[in-house]
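Engineer: Here is a sequence together with a model predicted from it:
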Amino acid sequence: MRVRGTVRGRSVAAWRRDNTLIAAYGSGLLISVCMVLIAFPASDMPSTARLAYAFGLGAVFLVCLISVDVLCVTKALATNRIIQFSVLGLTVLCSCGLGIVISQTIVATDSALLGLCMAMGCIAVNCSVLICCLKEPHLYGAVSMVWMLALLVFVSVAIVFLFDLPSAVAAATMVALGVYGIQLMPNLVVHVPDRYLVQWRDYMTQRWTVRGAIPENARALSLSDVDKDMSRFLSRYDAGVTMCGICALAGYVMLIRDIDGSSPLVRIGMIALSVALIVFLELKPRQSGRVFERMMMRFLGLAVLLMALMDMGTMVPAVHKADMLWPMLACVIVGLAMVVAILAQHGGFYSLLLSRIGDGLCVLSVLVLLPSAFFAAGGFELLRGGM
């Protein structure tokens, strides 16, 4: 019985929020089950049955994608940003699964690279549809950044397919795109809209160039004026850093899978790339004031370190599995030394010196990463073979 905006003793808003949560997480569970089913098709399945299997999973993914998109666009999510971004993550995951299912129906020499290409294409198409429907500034900013990064990865992987390049080239491109995207993200997402330049009357002089005449009702900006723009900037930044970090880690995993251990230049480039990526992901969070960004990049750096140690036998053939204890102990000792040095210096000259050393190492890793990615992907051998 409904009485004055209540249903069975609870408010309508509470019921709507619960129904939204049930729909969102139910869709997420269904998407996860379908992703598991993609990974375990029967290898001896006939082609017709395999195609029907893929079409069935694709239909489920498409229904989930439409329902999650409707949840993302409707006003039922407008009061809780955590639910909004959770549903947006489900949208990206569902688009990724749909792209992987589509790639299963196409015969290719590298099915993993084709799956990545189709997944990024579906994410870009879905985000382009959402951009036209969303009105919330923070959701619009996050979706636009995800769309841009997905489109860049799709184009780079498509170029690899069109020109029949090694898959390591696409992997190295993803690593470089992720790292340089994180480094340049503040400059990419933050800008001053033109309408603000005619409202700062206190700072206007004859030397300033503005579009048109200064209006009579010009005034200083207030927090309410910049609230929507700041929400859009922050959501773009968070989504961009998250996607760039995932892109860099995925590219590194693909690069380790396709590494050519017989070439000395490839091994040297892979070692330099691993060191530069670990240094960047561990030292870059010092310049961030957001807890999520710091924790995410440090966990990504730890994941890269573990994968590099596991693949040390390919990068350095002289190192046997019995000798892997010494690099691990060296990493632990260096990490403990950094922690003790940071905790012991609360201020003063030595603290400033440590900070500047960290900044210098971070910049050096950014400079080293691009040429090391070029050599790790076998770019030198590719150019020499083309000549």
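Structural biologist: That came through fine. In this text, all values refer to a predicted model and were calculated from it rather than measured experimentally.
Engineer: now the helices for this structure?
Structural biologist: Residue ranges of the helices in the chain, as given by DSSP state H, are 12-39, 47-73, 81-104, 111-133, 137-162, 167-189, 194-197, 223-257, 264-283, 291-310, 312-315, 325-344, 349-376, 379-386.
Engineer: Dump those into TSV; add mean pLDDT as well.
Structural biologist: Compiled in TSV, these are given as follows (pLDDT from 0 to 100):
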stretch	mean pLDDT
helix 12-39	61
helix 47-73	79
helix 81-104	81
helix 111-133	87
helix 137-162	86
helix 167-189	88
helix 194-197	60
helix 223-257	84
helix 264-283	88
helix 291-310	85
helix 312-315	70
helix 325-344	70
helix 349-376	84
helix 379-386	74
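Engineer: and the gap between residue 104 and residue 278?
Structural biologist: For residue 104, the distance to residue 278 equals 34 Å [CB to CB, to the nearest Å]. Backbone N, C-alpha and C define where each C-beta goes, glycine included.
Engineer: again with residue 105
Structural biologist: 38 Å.
Engineer: Comparing the two, which shows the higher neighbour count?
Structural biologist: Set side by side, residue 105 and residue 278 show more neighbours around residue 278, with 19 against 14, by other CB atoms under 10 Å.
Engineer: Go ahead and confirm that one touches residue 306.
Structural biologist: No - using CB atoms under 8 Å, residue 278 makes no contact with residue 306, being 10.2 Å away.
Engineer: overlap in contacts of these two?
Structural biologist: Here residue 278 and residue 306 have no joint contacts, going by CB atoms under 8 Å, 6 or more residues apart in numbering.
Engineer: Please name the nearest non-neighbouring residue to residue 61.
Structural biologist: residue 98 (4.2 Å; CB to CB, 6 or more residues apart in numbering).
Engineer: Report the contact partners of the one you found.
Structural biologist: Shown in contact with residue 98 (CB under 8 Å, 6+ apart): 58, 61, 62, 65, 119, 122.
Engineer: Neighbour count and distance to residue 173 added to those residues, as a markdown table?
Structural biologist: Converted to a markdown table, the contacts of residue 98 look like this (neighbours: other CB atoms under 10 Å; distance: CB to CB, whole Å):
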| residue | neighbour count | distance to residue 173 |
| --- | --- | --- |
| 58 | 20 | 28 |
| 61 | 26 | 27 |
| 62 | 13 | 29 |
| 65 | 21 | 27 |
| 119 | 25 | 16 |
| 122 | 25 | 20 |
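Engineer: Can you name the two of these that sit furthest apart?
Structural biologist: 62 and 119 (14.3 Å; CB to CB).
Engineer: Could you measure from residue 94 over to residue 88?
Structural biologist: In this view, residue 94 and residue 88 are 11 Å apart by CB to CB.
Engineer: Counting neighbours, go ahead and name the busier of these two.
Structural biologist: Neighbours were counted for residue 94 and for residue 88 using other CB under 10 Å; residue 94 has more, 29 against 25.
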